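Chemist: based on what follows, work out the 3D shape:
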Amino acid sequence: MTAPRPSLTLSSTVLEAPDAAELADFYRRLLGWEPVQEEPDWVKLLPPGGGSGLSFQTSKPYVPPVWPASSGDQLMMLHLDFEVTDLEAGVAHAVVEGATPAEFQPQHDVRVLFDPVGHPFCLFVSDRVPGATPAISPEWVAEQTRDIEAQDRVTAADAVEPGRREAAGTAEPEAGDGVPA
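Modeler: As a prediction, this is how the structure comes out:
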């Protein structure tokens, strides 16, 4: 017999940054959330209506992820998705507050941006909002996959299983790819 599962509640997602207070201030302005905990190297923001929040921890050796990544790049560990009612207005607001739009935009109904220290985040319009969200066709997915492979960018599958493309015969192995030279 197994013990009953204890109650677990997600309190917050923690982002590292060279300066926790500076990054927290960006997200405070972006989201309108207020700090509920502020320490020298830690800040926690919560949404006004309750729920899990965002926390920020100072990490001097922080290295921003590269997105989209290529072999050998610092990979992102997660990204944040924010639902907006107006995609272009959301992007404009984020840019005014200090975000930078990514050069590569993989979907026509989502916008990828970077916060001031390089964490990627997405803005999207929910399909619950009046008006149809454009469908992503299998042809579009195949085209994006070909583009990623042609530019030798690392896909999520490559990051999880290094050498996958080489084993499948779809790319030449390179030194440092986990494949003996």
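Chemist: next up, phi/psi of residue 13, please.
Modeler: Torsion angles at residue 13 (phi, psi; degrees, to the nearest 10) stand at phi -100, psi 130.
Chemist: just to check, it is in contact with residue 55?
Modeler: Yes. In this structure residue 13 lies within contact range of residue 55 using Cβ atoms under 8 Å: 7.2 Å. From N, CA and C alone the C-beta is placed, and that goes for glycine too.
Chemist: tell me where the protein is predicted with low confidence.
Modeler: 127-181 (pLDDT under 70).
Chemist: list the contacts of residue 59.
Modeler: By Cβ atoms under 8 Å, 6 or more residues apart in numbering, the contact set of residue 59 is 16, 17, 18.
Chemist: buried subset of the residues you listed as a PyMOL selection?
Modeler: Under the burial definition 16 or more other Cβ atoms under 10 Å, those of these that qualify are selected in PyMOL by:
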select buried, resi 16+17
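Chemist: between residue 13 and residue 55, point out the one with more neighbours.
Modeler: residue 55 (21 against 11; other Cβ atoms under 10 Å).
Chemist: in the sheet, who's paired with the more buried one?
Modeler: Under DSSP bridges, the beta-bridge partners of residue 55 are residue 14, residue 44.
Chemist: now residue 23, what's its secondary structure?
Modeler: At residue 23, secondary structure determined by DSSP: H, G, I helix; E, B strand; the rest coil is helix.
Chemist: quick one on the thing from earlier: so which of the contacts of residue 59 belong to strands?
Modeler: Among these, the members found in strands (DSSP state E) are 16, 17.
Chemist: want to throw the contacts of residue 59 into TSV with distance to residue 68?
Modeler: Listed next are the contacts of residue 59 as TSV, based on distance: Cβ to Cβ, whole Å:
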residue	distance to residue 68
16	21
17	21
18	23
